[in-house]
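> With the sequence up front, the predicted model follows.
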Amino acid sequence: MNAIDLSPIAETVCTTLGRWLSADPGDVALGLRTIAVGSVCNVSCAVLGCYLVLRRMSLLGDAISHAILPGLVIGFLLTGSISIVPMFAGALVFGMLTAFLTQTLQTYGRVSEDAGMGVVFTSLFALGVVLISGIGRMHLDKDCVFEGKIDLVAIDITEFAGLGVPLALGSLLPVLVMAVAFILLFWKELKVASFDPMLATSMGINATQIHYLLMGMVAGTTVAAFEAVGSILVVAMLIVPGATAHLLTDRLGWMILWSAVMGVLAAILGYIGAAYWNTSVAGMMAVAVGGQFLVVVIFAPRHGLLSKLVGNLELSLRIVAEDIVAALYRLEEQRTGSSEVDRATVDQATWADCRGFADGSLLTRPAAMMLRLRGQLAFVSGGRVELTDAGRRLGNSLVRSHRLWETFLDRHFELPADHLHEPASRIEHFIGPALQEKLARELDGSAVDPHGRSIPPLEQDDTN
Amino acid sequence: MSYTTTIIFAGTSLLGACAGLVGCFAVLRRRALVGDALAHAALPGVCLAFLVLGYRSLPAMLLGAFVTGIAGIVCISTLRQFTRIKEDAAIGIVLSVFFGAGVVLLRVIMNSVSAGSKAGLETYIYGKTTSIALADVYLIGGAAVGCLAIIVLLYKEFQVVVFDSEFAGVQGWPAFLLDLLLMAMIAFAVVIGLPAVGVVMMAALLIIPAAAARFWTEQLWVMLAMSALMGAAMGAVGTTFSSRFEGLPAGPAIVLCGSVVFLISLLTAPRRGLLARLWSERKFRRRMARQRTLNVLYNVWERSHPEVLSFAMDDVLRRKSWTFDELHSALGALSREGCVSFQPEGRFAMTDHGLQCAAMAARGFRMWELFLTENAEASSGIADFDYRSLEERLPREMIAELEEKLKEEGRYPTIMRRDGFSHECN
């Protein structure tokens, strides 16, 4: 059976890594085993957790991981030994029971979901603790509940293909395989039920069945992982990688892959951190995945805080710049207008006026700089500003959008005349040439806006 | 009762009352599990305080717990507000990551500090009611009184913030600050309760009494009072049980007492309780079944000669997809109130009274039907086809209009007397 012997490769890896990190090869092997156990456990939690996050039931993972305690104890009581199968079965039953009771309290008891879940899992957890202390002779270590014994899994090993494989993988690998198989098998059903339960029902997919199947998978994974890594890590891995991945992508497939990557990365970083500070491995993995989440929250390309901030700034800058250009265009219009009075009273705008055009926005100066760089605004002598040809074209387009919209509003909605300006000045920044065209056609080429001002025709770009 | 038992008894009762009081706001704002997150997020604060000071100091540890707890809350609301992360995931993330950090710090302390001074840190996770000393009782009592005073002073404001925070904003109240004050009170209760009952049980103390009290009342102040009482009772009874039975830890005993209280409330509370609601649903179903039968009988009568009041059951069965047994039992119910009487050979007769009732039911059905066809956009919840809700739910003019239309179509039950409403048909 042991035809393949991987030990030389493993030895080389360990010694190379050991030399590189200036650590003992034995320690490296220990670390690799811990990381392997952590990764398998994290990935199985993470891929299932994606669905919990998407279905807004992340906390059910937390609840289940607490509520399975009485199941573990009853499984032990019935058989009298700490063997995996009965305890697994007991925990599975209680995990499903949590999901069921929460749902029942919500539907029949009209208890809000969060409160119902809170009542159910704390009660079941309390029951578990009472059962444990009632038995007395069961050595279920309290620390094991929260932290598991991942620090020890690397010691219980068995020989396989010349490698020392941690025994814990014996229960964790099947769980991972089952989780992945479950997702692949029910890919479509899970997807529809997660995003649109109503649609799922109308398509003949039993959303309730899928829900309980998922809950069963979560409970099973929780139990298997529980022993190895404890409840903190289970909860962290069910929720955080999924949430992190959700910030990185909008595609379900990619989200699941990303969450798996996050799980593995957390196992590696967590182990290194724990070894460095000589502290709890499970706790450190939870902290690592939290750190990854923080980084992604800030730097994620589309949904990150930073990119949102930049996007908002860009938009504000554009709006301020366009406000200035539109105001200057209007001034120019008045000066060149036919009325003698206008020509006499309207002065050329100064730099100071621009601040007024932008409602005193702090972005006035950067916006003006931007316009100047783009060659849309020119500073002439005496602190005066003037639109260039390019700027005039932009102003023309903006004012055209504004007046078209006012006319459109006036024709189709019963708004008083003094209520037209504000919505129009908000929307003028978002009306492109195509929409302008459409509006103009809709208004049958009307050339005057409700205030009696002419809608400027589109100025053609002469340069090309 | 010994001195220590008395102190523990007083401590847990006061803690239960305090948690029950502030827990109401958490439950009403749909933030029950925020309390859970808070309890978890307090752990790194406790450890940090210990690491910074190097020895155990209750005030410092409470302060640390309070600070990280509030930091956790801030993280949750930031994530919810500024990212696409939903509230549930935000709570879960804060809960697990903060707690993980707490465990990491705890292990660092365990490994580096000598045994004597670090003792008792773990009680912040698992809780230990026997650790309650007289000073703690004063602290918990003070917290309870303080929370009560704040709630009494700002009762009206809290009420609006809890049920309609947008309205509070419109009123010009600092809704955000009031919300923060509520969260701070919850955080404070959690922090002082942690060493006594531990992380999970503290969440239970916040949620269970409030959720149980919610069944009994629609009024905030009644709910607050009941929740505080239930919390205190949970604490008292749980502690008593735990001191009576060897080896029964107090924290879980308190929570299980709460579970029993919750279960009783869930089942027996008037109006919102499960039994009461099942009962009223049953009553409604029966009433509607009766009206449906009467409506069918009226339709059958309408198509026959006006003088004929005796019908074969088979005639009715032909118009409805009922089985014989269903019809028989429906008629049986009607015969008991004197609307119909059974006759031999599978026939039955309608009494005058029965005809009146049938006309009432038919009127209700036809009016609702017409209402729905004319107001297709109306929510289906309005029209329940009960003739008694017609007058309650529709404006008088609309009813008159519907009646007019039915009369034009000749479908208005003709034998309806003008005094039909006073007729004994319920």
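Everything's here; your move.
> close enough to count as contact, residue B:17 and residue B:234?
No - if you go by CB atoms under 8 Å, residue B:17 and residue B:234 don't touch, sitting 9.5 Å apart. (C-beta placed from N, C-alpha, C; glycine too.)
> quick one: the closest residue in space to residue A:122 that isn't next to it in sequence from residue A:352, how far?
Of all residues not flanking residue A:122 in the chain, residue B:204 sits nearest, at 3.4 Å (CB to CB, 6 or more residues apart in numbering or on different chains). As judged by CB to CB, to the nearest Å, residue B:204 and residue A:352 stand 64 Å apart.
> who's more crowded, these two?
residue B:204 (32 against 10; other CB atoms under 10 Å in any protein chain shown).
> measure residue A:246 to residue A:58 for me?
Applying CB to CB to residue A:246 and residue A:58 gives a distance of 11 Å.
> between those two, what contacts are shared?
residue B:89 (CB atoms under 8 Å, 6 or more residues apart in numbering or on different chains).
> Between these two, which has more neighbouring residues?
In this view residue A:246 and residue A:58 are compared by other CB under 10 Å, and residue A:58 has more residues nearby, 31 against 24.
> what pLDDT does that one get?
Here, the pLDDT recorded for residue A:58 equals 88.
> pretty sure it is touching residue A:238, no?
Yes - counting by CB under 8 Å, residue A:58 touches residue A:238, with 7.0 Å between them.
> anything in contact with each of those two?
Counting by CB under 8 Å, 6+ apart, the residues touching both residue A:58 and residue A:238 are A:49, A:52, B:92.
> need those in JSON lines with secondary structure, can you?
Formatted as JSON lines, these follow (DSSP: H, G, I helix; E, B strand; the rest coil):
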{"residue": "A:49", "secondary structure": "helix"}
{"residue": "A:52", "secondary structure": "helix"}
{"residue": "B:92", "secondary structure": "helix"}
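> which among those gets closest to residue A:101?
residue A:52 (17.4 Å; CB to CB).
> how about the helices of the stretch 151-300 of chain A, start to end?
For the stretch 151-300 of chain A, applying DSSP state H, counting those that start in this stretch gives helices covering A:169-185, A:187-195, A:197-202, A:207-248, A:252-277, A:281-299.
> ugh, typo on my part, it should be the stretch 1-150 of chain B
Going by DSSP H, counting those that start in this stretch, the stretch 1-150 of chain B shows helices at B:3-28, B:32-53, B:58-82, B:87-112, B:115-118, B:123-126, B:134-153.
> Relative to chain A, tell me which of these wins on proximity.
Distance to chain A, taken as CB to the nearest CB, is lowest for helix B:87-112 among the helices of the stretch 1-150 of chain B, at 2.6 Å.
> From the contact counts, what lies against the closest one?
On a contact count with 3 or more CB pairs under 8 Å, 6 or more residues apart in numbering or on different chains; DSSP states H and E, helix B:87-112 meets helix A:58-67, helix A:207-248, helix A:252-277, helix A:281-299, helix B:32-53, helix B:58-82.
> Highest mean neighbour count out of these?
Comparing these by mean neighbour count (mean count of other CB atoms under 10 Å in any protein chain shown), helix A:58-67 comes out on top with a mean of 29.
> More neighbours: residue B:17 and residue B:234, which one.
Set side by side, residue B:17 and residue B:234 show more neighbours around residue B:234, with 32 against 26, by other CB under 10 Å.
> A helix includes the more buried one, no?
Yes - with three-state DSSP as the criterion, residue B:234 is part of a helix.
> OK, contacts around it?
B:16, B:20, B:205, B:208-209, B:254-255, B:257-258, B:261.
> on that earlier part again, closest to residue B:384 out of the shared contacts of residue A:58 and residue A:238?
Taking the shared contacts of residue A:58 and residue A:238 together and measuring to residue B:384 by CB to CB, the closest member is residue A:52, at 37.4 Å.
> Check the burial of that closest one by counting its neighbours.
27.
> And residue A:317, by the same measure?
By the criterion of other CB under 10 Å, residue A:317 has 16 neighbours.
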